[in-house]
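Visitor: got a predicted structure plus its sequence, pasted below:
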Amino acid sequence: MNELALLVAATLAAGTPLALAGMGLLVNERAGVLNLGAEGLMLVAAVAGFATAYHTGSPWLAFAAGAAAGGLIAAIYGWLVIWLNTNQYATGLAVSLFGSGFSAFVGLGYVGKQIREQPIDGVPGLRDVPLLGVALFRQHAMVYLAVALTAGVAWFLYRTRAGLVLRSIGESPQSAHALGYPVQRIRLAAVVAGGALCGVAGAYLSVVYTPLWVEGMVAGRGWIALALTTFATWRPTRLLLGAYLFGGVTMLQLHLQASGVQIAPQFMSMLPYLATVVVLVLISRNPLWIRLNMPASLGKPFFPGG
Amino acid sequence: MIRLEARPAPSGLMSVLSPVMAFAITVAAGAILFAALGKDPVQALTVFLVEPFNGVRAVSELGLKSTPLILIALGLALCFRSNVWNIGAEGQFLMGAVTGGGLAMWVTTAGLDLSRWAFFPLLVLAGAVGGALWAGIVALLRDRFNANEILVSLMLVYVANLFLNWLVFGPWKDPQGFNFPQTVTFASQTEVPRLIRGMRLHWGFLASLVAALGMWLFMFRTFTGIQLQVGGPAPAAARYAGFSSRAAIWSTLLVSGGLAGVAGAFEAAGPMGQLTPHVSAGYGFTAIIVAFVGRLHPLGAILASVVLSTFLIGGELAQSRVGLPSALTGVFQGVLLLSLLACDTLIQYRVRWRGAR
């Protein structure tokens, strides 16, 4: 039983970066912008966060640095795709390639460096409840913030006027423009916010989860987060559940490896990637279902008067 | 205040000038970066951009690096023109290396007596099959289940990488290899024949040039080639004309996967002569940049591959000569593609300067 509780706890920790990045991408995509640069943003933010934690010792400054790095690069991406009308796929790819090169370069000085492991305080009072305490209430604060963020994003999208405007821009930028909303500026704001969340996710990986800097350490989580938005049919709560599902797959393979199952570790490590493919296949096989749920202008450029 | 104004027709001049401008921006950014790192920018840029051309041997190495880039970028150009976003060429390259390298390993251990010229076509075939099968998974899932090809092809890169690792750490490991993750060294008759004695440049380079010519003929001189490209920018028009988008998905993915696979087989049996986890230097991703810088044009891909292989070799030289990290290559690549996309705006739009009022 205790082992199961530990597995649940590990699942929550592993799902958190996916939830943070996925939530950012969900906000982007609800505004009609598909950012394939997520992996690159997370890598740069992971370095920025690790370096900040290394020099200041403060995890919260590190998260702020990650968010700033992610937001900054997302702003460049946003300027390119929103004002210069570059192809969103190609530009996102460029950001991913740039991010992996740039983070490898900047991170050279931090390879092999160590930072203090983050103390896990958990929730006072609840952390000592048998089993449940171990499973749910001994996590880094960021794990709970990710849950709060989900609620916040759901509230914002469905219960506020600004959220309504954001969604309408994702469905029909032409109509929103005709109503007088500054489509381009709102899209940029969504892209920067989404990039900042990807940045927090990257910093969480290098500061709390690992905590180390290794080249390419994001290991496809940015791409998996992109797949999660489709999996969740662009709904915040489903995205959070999906993130935990993938966190669970990651943990399950580590757990199986540790328990000495006779399968080569390489095949175990394939699991999260194969799971992503399987999930995409299952969710996409009904084109109508996707078309009903996908923001209608996703990936399409909007140029006022153009 | 800067304002963009749509051009009545795309500018052909800007389409050619844009890569040149992007290259200039990249070099300028590089100079600033070198200066910031406390190096003499002129000296560092010379090492980075001029040294790779210094001498016959250096040029042979450039050609060697260009070979996989050209082959992969040709397939990607076809894909991107047809609006099929295959970004997993790295995985297809690795699987081609596995099938091509596997064949070379089998010939080696079975002690078959084949001449190099008899083995060469077999190697090409093996690589093409490996890469095409891997890309075929993407095509199948996209066609049958509507699964996004960007994400599926990219996920399969990680899977292919782990599969290669499993092989060289496990069943294919050289028993006499001191436990290093590598296969046996392939027999000399499986090597790709070299072009010039004493140089590493091999016939695969000529094969890539022939492939570029073939791709040019296919793209611009055959009906099927035109069909595929119409389907990209104007799917509705293509459907109306009776062109099948399913055929586009299958044919572009199989062709690009096959070409990437051949590149992988050449790399394994050519300069490497064995399989290791490091058979690719990220060629599948670099080739994406090659395809865009080369204007998604087969002949452009050849020119662009020279630029990108200069960066690859320049990065290695900068590390050994000037003490700059070779990771700089990745920064250069990213800056080049980003500035290229920004400059490409000038193809569709004119910049107007609006005075302050």
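Guide: Ah, there it is.

Visitor: any part of the helix or strand residue B:344 falls within near chain A?
Guide: For residue B:344, the host element (DSSP states H and E) is helix B:328-348. Yes. Using C-beta under 8 Å from any C-beta of the partner chain, helix B:328-348 reaches chain A at B:328-335, B:337-338, B:341-342, B:344-345, B:348. Heads up, the C-betas are built off the backbone N, CA and C, glycines and all.

Visitor: chain A versus residue B:147, what's the distance?
Guide: 4 Å (C-beta to the nearest C-beta, to the nearest Å).

Visitor: helix/strand/coil for that residue?
Guide: coil (DSSP: H, G, I helix; E, B strand; the rest coil).

Visitor: surely it touches residue A:279?
Guide: No. Using C-beta atoms under 8 Å, residue B:147 is not in contact with residue A:279; the gap is 9.4 Å.

Visitor: who's more crowded, the two?
Guide: Taking other C-beta atoms under 10 Å in any protein chain shown, residue B:147 and residue A:279 do not tie; residue B:147 has more neighbours (24 against 21).

Visitor: which residues touch residue A:45?
Guide: Contacts for residue A:45 (C-beta atoms under 8 Å, 6 or more residues apart in numbering or on different chains) come out as A:65, A:66, A:67, A:69, A:70, A:198, A:199, A:200, A:201, A:202, A:203.

Visitor: so where do the helices sit in the chain?
Guide: In the absence of a named chain, chain A is used. Under the criterion DSSP state H, chain A contains helices at A:2-30, A:38-56, A:59-78, A:88-107, A:132-136, A:141-159, A:161-171, A:173-178, A:183-204, A:221-231, A:236-258, A:265-284, A:287-293.

Visitor: oops, wrong one, chain B.
Guide: Using DSSP H, helices in chain B cover B:12-36, B:41-45, B:56-81, B:89-110, B:116-145, B:149-169, B:203-221, B:223-231, B:235-240, B:245-267, B:283-293, B:298-317, B:328-348.

Visitor: would stretch B:257-270 count as contacting chain A?
Guide: No. Applying C-beta under 8 Å from any C-beta, one finds stretch B:257-270 separated from chain A by no less than 16.0 Å.

Visitor: what about residue A:38, how many residues nearby?
Guide: Look at residue A:38: counted by other C-beta under 10 Å, it has 34 neighbours.

Visitor: of all of the stretch 51-200 of chain A, which residue lies closest to chain B?
Guide: Nearest residue of the stretch 51-200 of chain A to chain B (C-beta to the nearest C-beta) works out as residue A:101 at 2.1 Å.

Visitor: correct me if wrong: that residue contacts residue B:338.
Guide: No. Between residue A:101 and residue B:338 there is no contact under C-beta under 8 Å: 11.0 Å.

Visitor: and the helices of chain B, which one is worst for confidence?
Guide: Per-stretch mean pLDDT for these is lowest at helix B:235-240 (a mean of 70).

Visitor: quick one, what contacts the nearest residue to residue B:76 once chain neighbours are set aside?
Guide: Distances taken as C-beta to C-beta, 6 or more residues apart in numbering or on different chains place residue B:291 nearest to residue B:76, at 4.2 Å, with adjacent residues excluded. Applying C-beta under 8 Å, 6+ apart to residue B:291 gives the contacts B:73, B:76, B:77, B:80, B:301, B:304.

Visitor: hmm, 10 Å instead?
Guide: By C-beta atoms under 10 Å, 6 or more residues apart in numbering or on different chains, the residues touching residue B:291 are A:90, B:69, B:72-81, B:89, B:256, B:297-298, B:300-301, B:304-305.

Visitor: in PyMOL, select just the buried ones from those.
Guide: Those of the contacts of residue B:291 that count as buried under 16 or more other C-beta atoms under 10 Å in any protein chain shown are selected in PyMOL with:
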select buried, (chain A and resi 90) or (chain B and resi 69+72+73+74+75+76+77+78+79+80+81+89+256+297+298+300+301+304+305)
